[in-house]
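K.L.:
Just need the structure, nothing else, for what follows:
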Amino acid sequence: MATVQANANSVKQAAANPGLELLERLGYVVRGVLYCVMGVLALRIALAQPEGKALDLTGSVVFLIGNPFGKFILLVIIIGLAAYSLWGLIRAIFDPLHRGSDPSGYMERLGFVSSALSYGAIVAFGLKILAGSGGASTDSTQQVISSLLEHPAGGSLTLVIGLGAMGIGVGQFVEAYRAVFKRDLKGAEMSDTQRNIAVALGRFGMFARGVIFLIVGWFIVQAGIHHDPGQVQGFGGAFMFLLAQPFGHVVLGVIALGFVALGLHSLACARWIRLMGSPGSA
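P.N.:
Model (predicted):
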């Protein structure tokens, strides 16, 4: 038992390494830039600009590396998001942000695991580009559902995934309302104005992301009901769905600004989030 405890303490100490924490903050920067790019490109569509396009996070990666410095930018993205993905596992296992061990706390910590896997998938996507075996952004959601629907129980599994995505959307609305994430900031190092702006950006961004998750989940549910992977749409498809609704340009514009806000909130977190080695986190 003593050996196990010693090993756990060693892992915790490694997780609080200043070098790793610097990379985790870089991860927040990369994440913020990707969300800002996604929001700005969606905003271009809302403003009826002909060069506008709707993208998900992998599409943002492809957009950012389409220049002479693309390989360097891609390396920064891979390193930053790999560290951010690891931070998701650290949050889930060691609970430095004190989410607790009640059902609500475990749900939030499960969300950290989901985040780690999602950003880990983007890292894998970036590594494929770096190795020369990738480069085009694809709808990974549609690919996964298409594979699932080839199996006998695929329809039921697709329904579960769709309902799960819709549940995440509802969870984002709850998070936007409760703003539990404001406890994760180093409030003592922030002015009241900085704290209020960071929290407002997070709330607006999470609301916008909740809308998109609800739409994506609904598409997946329909694919499961009709056994048709063609009905699945990712974030880009959800943006275009909003555009097609009454007052679509206005609605899409608001949601696009929400994604920009989410990106700016992530940039604020890069500066003020409490990490494993921060006072009050361990």
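K.L.:
got a list of what the residue nearest to the spatial centre of the chain touches?
P.N.:
By C-alpha atoms, centre = their mean, the chain has its centre lying nearest to Ser115, at 6.2 Å. Contacts for Ser115 (C-beta atoms under 8 Å, 6 or more residues apart in numbering) come out as 85, 88. C-betas here are computed from N, CA, C, even on glycine.
K.L.:
Leu20 too?
P.N.:
14, 83, 86.
K.L.:
Pull out the buried members of those.
P.N.:
Listed as buried from these are 83, 86; burial here means 16 or more other C-beta atoms under 10 Å.
K.L.:
Dump the contacts of Leu20 to CSV, plus distance to Leu23.
P.N.:
Output for the contacts of Leu20, formatted as CSV (distance: C-beta to C-beta, whole Å):
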residue, distance to Leu23
Ala14, 13
Ala83, 4
Leu86, 8
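K.L.:
all helices of the stretch 151-282 of the chain, in order?
P.N.:
All helices of the stretch 151-282 of the chain, identified by DSSP state H, counting those that start in this stretch, fall at 154-178, 192-226, 235-243, 248-272.
K.L.:
Can you get me the centre-to-centre distance for the last one and its chain?
P.N.:
In this view, helix 248-272 has its centroid 12 Å away from the chain centroid, taken as C-alpha atoms, centre = their mean, to the nearest Å.
K.L.:
just the second one next, same as before
P.N.:
If you compare the mean C-alpha spot of helix 192-226 with that of the full chain, they lie 10 Å apart, counting by C-alpha atoms, centre = their mean.
K.L.:
swap in the shortest one?
P.N.:
Helix 235-243 sits 17 Å away from the centroid of its parent chain (C-alpha atoms, centre = their mean).
K.L.:
pLDDT (mean, whole number) over it?
P.N.:
Regarding helix 235-243, the rounded mean pLDDT is 93.
K.L.:
who's in contact with that helix?
P.N.:
Residues contacting helix 235-243 (C-beta under 8 Å, 6+ apart): 38, 42, 45-46, 53-57, 59, 139, 211-212, 215-216, 219, 233, 248-249, 251-252, 255-256.
K.L.:
For Ser278, give me its contacts.
P.N.:
Contact analysis of Ser278 by C-beta under 8 Å, 6+ apart lists 96, 186.
K.L.:
and it, what pLDDT?
P.N.:
So Ser278 comes in at 70 (pLDDT).
K.L.:
any idea how far Ser266 is from it?
P.N.:
Look at Ser278 and Ser266: by C-beta to C-beta, to the nearest Å, they are 17 Å apart.
K.L.:
Over to His249?
P.N.:
Remark: distance between His249 and Ser266 (C-beta to C-beta) = 26 Å.
K.L.:
Which one's more surrounded, the two?
P.N.:
Ser266 (24 against 14; other C-beta atoms under 10 Å).
K.L.:
ok, that one touching Arg31?
P.N.:
Yes - applying C-beta atoms under 8 Å, one finds Ser266 in contact with Arg31, separated by 4.8 Å.
K.L.:
Low-confidence bits of the stretch 51-200 of the chain, can you list those?
P.N.:
Within the stretch 51-200 of the chain, the set of residues satisfying pLDDT under 70 comprises 51, 134-140.
K.L.:
If anything else comes up later, I'll come back, but that's it for now.
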